[in-house]
Structures are given as structure tokens and as C-alpha cells.
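1. One predicted model, sequence on top.
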Amino acid sequence: MTSQQEILNINGVDVHVTVDGPENETALTFAHALSLDLRSFDPQVAAFRDKYKVVRLDLRGHGKSDIGGGPFSMEDLAGDVAGVLDRLRIKRTHFVGSSLGAMAGMALAFNYRDRLSSLTFMASQGALRPERIVTARESLAKMRASDATPKTTFADQTEAMLARLLGDIDEATAPETFSLLRQILGKTTLFGQARAYEAIFGMNYDTRLTEITTPTLVLAGAADPSTPPERMQMYADGIAGARMVILEKAGHFPNVETPKAFNAALIAFLDELTD
């Protein structure tokens, strides 16, 4: 797969961006999940690059973006996306966010709604529940008290993460899924994820859903243990006009686990907007 890749200085930080597809077509921007990077949307590029200008970026602390940087907020991530759009001379885009990327998408919908043609909100939430914040803070404290360094990755935790986060799929029938996720998780750093968690702790969007006026698709993995369909239903109910699709067998990374079903759902949503 060939892509135009660049490291852009956006808002004072380095942001890794890839672009595929025709220069003058409608933009379709993907932002990845917590712990992943832009390669997690590899299964989408071939399906969309003929019709759309496909933009992907590594969010701060992930992939090749802002390695070893300081604290940031969800609004900073939204500002990075807007800055990338400016640099690429894109006025408006369809935006697809997964997990952390979807949280950034909500911040975009609040602060840069004029830049969005649509929002796809996948496997995510607008605020962590109090008990989840407690356990996450405990985990971060243990990590920081350990011998981990800014270069320590999830390599030795990858198999446990896959077992916990993936849905009803197995490696025998989806070897490419497991291979791609292992490649990404093996490079993601603990400190990069810790920075993202601090941004998540400072986010409380669940009380602001009525402010979102962008056409919205809510996508949930039927077997997602982290953000199950019943958790995500509130976004379909709370965002005016939002529609919801539940992807069978998928866990927390639906676009990687069930790419054909994910692509079909997104294509149907986008086609409906252009009819």
C-alpha cells in the first residue's frame, strides 16, 4: 500500500499524516483508537481511496506523532486535526474516529463543526465512568512507579490486550487482523498512552450531546467489552438524528476486526448523505 506520508508541524508538535486518493475529491479523515496508530485504518484505504481523499493521522503520543511530548487535552487533539486540514487545504471533511479518535471527533463537533461534513463515532464514550477513572489512575501510578521508560512499549502485554479487547474472532480465520494489531501494539509506548489517558480524564462530553448538530453515525462492536452497545446507545439517543449500527462479532476495534461489515456500514452512511 503506497501513501503520501508527511510529518507536519501542527500547533508546535510533529504530527504524522498520510494521504491517499485523488487530490480534489471529498476528504474522509480517520483517527485511530487508544493504543493504536494510523495503520489501524489500513483495511479502509483500499475501500475508500478511489472516491475520497483519505487522510489518516497519528494522534499525539501514538505512532510517529509528538513522541515524548508533554500533556495535552482532547481539545488539543481536535486542534491538531483542524491544523492538518488547514495544511492540506481541506475546508470540510467526513470524520471517522475510533475510541480516542472518536473523543477527538466530539471535540471537533463542538469546536470546529463548520469543518465537518459528518461524524462517525465508533467504540468510544464521551466520559469515563468514575470507577473506570479510579482503576485507570491506579494502573498509571503503577506504571510510573515501575522501571518503565518513555521507550517502553506494550510488546509484552500485546497478547493480553488482544484477548481482552477483541470480539468473537480467532486468529485462524483472521490472521491479518492479529498480525496488524501486534505490529502496532508492539510499537505503542506506555508513556504515550498515559498522556492520552490524562486527556481522557479531563473530558466530560456526555452532558453536551445536544450541542452536536453534525450528521452522526454511531458504530458499536457487539462483543466490545470496553464500550458495549448498551453504553453507546446513549450517543445514538442523545445526538439529534444520529443513527446506530452494531457490528456483529466485533470487539473494541471494529474496523480492523470486521472490515467488510465496517466498510459497508460507513459507505451506506456516506452515500445516504450525498443522495
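-> Now that the structure is in, tell me what you want to look at.

2. Wait, Asp42 touches Ser179, no?
-> No - using C-beta atoms under 8 Å, Asp42 makes no contact with Ser179, being 10.9 Å away. All C-beta spots, glycine's among them, are computed from the backbone N, C-alpha and C.

3. Between those two, point out the one with more neighbours.
-> Asp42 (18 against 11; other C-beta atoms under 10 Å).

4. what's the distance between that one and Phe201?
-> Distance of Asp42 to Phe201, given as C-beta to C-beta, to the nearest Å: 30 Å.

5. Likewise for Ala236?
-> 25 Å.

6. Show me which of the two is the more surrounded one.
-> Ala236 (21 against 15).

7. So which bits of stretch 122-134 are buried?
-> By 16 or more other C-beta atoms under 10 Å, the buried positions in stretch 122-134 come out as Met122, Ala123, Ser124, Gln125, Gly126, Ala127, Leu128.

8. Would you reformat those residues as JSON lines and include distance to Val256?
-> Compiled in JSON lines, the buried residues of stretch 122-134 are given as follows (distance: C-beta to C-beta, whole Å):
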{"residue": "Met122", "distance to Val256": "11"}
{"residue": "Ala123", "distance to Val256": "10"}
{"residue": "Ser124", "distance to Val256": "15"}
{"residue": "Gln125", "distance to Val256": "19"}
{"residue": "Gly126", "distance to Val256": "23"}
{"residue": "Ala127", "distance to Val256": "25"}
{"residue": "Leu128", "distance to Val256": "23"}
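
9. what residues are up against Pro225?
-> By C-beta atoms under 8 Å, 6 or more residues apart in numbering, Pro225 lies in contact with Arg164, Leu165, Gly251, His252.

10. Among those, which one lies nearest to Gln157?
-> Arg164 (9.8 Å; C-beta to C-beta).

11. Quick check: the closest one is in a strand.
-> No - assessed with DSSP: H, G, I helix; E, B strand; the rest coil, Arg164 is helix; it does not lie in a strand.

12. Against Val81, how distant is Ala102?
-> 12 Å.

13. shared neighbours of those two, which are they?
-> Common neighbours of Ala102 and Val81 (criterion: C-beta under 8 Å, 6+ apart): Ala31.

14. Which residue ranges of the stretch 51-200 of the chain form helices?
-> Taking DSSP state H, counting those that start in this stretch as the criterion, the stretch 51-200 of the chain contains helices spanning 74-87, 100-111, 130-145, 158-165, 175-185, 190-201.

15. Next, format these as CSV and append distance to Asp20.
-> Formatted as CSV, the helices of the stretch 51-200 of the chain follow (distance: least, C-beta to C-beta, whole Å):
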stretch, distance to Asp20
helix 74-87, 14
helix 100-111, 17
helix 130-145, 34
helix 158-165, 27
helix 175-185, 17
helix 190-201, 25
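
16. Can you pull the poorly scored residue ranges out of this structure?
-> Applying pLDDT under 70 to the chain flags residues 1-2, 275.

17. give me that answer again for 90
-> 1-3, 129-132, 136, 139, 142-150, 274-275 (pLDDT under 90).

18. where exactly do the strands run in it?
-> Assigned by DSSP state E, the chain shows strands spanning 4-10, 13-20, 27-31, 53-57, 93-98, 116-122, 216-221, 243-247.

19. which residues are in contact with the fifth one?
-> In other words, strand 93-98. By C-beta under 8 Å, 6+ apart, strand 93-98 touches 26-33, 36, 40-41, 44, 52, 55, 81, 85, 103-106, 108, 115-124, 253-255, 266, 270, 273.

20. Would you mind listing the residues in contact with Ile7?
-> Applying C-beta under 8 Å, 6+ apart, the residues contacting Ile7 are Asp14, Val15, His16, Val17, Lys64.

21. ok, Asp14 touching Gly61?
-> No - distance between Asp14 and Gly61: 11.4 Å, which falls outside the contact criterion (C-beta under 8 Å).
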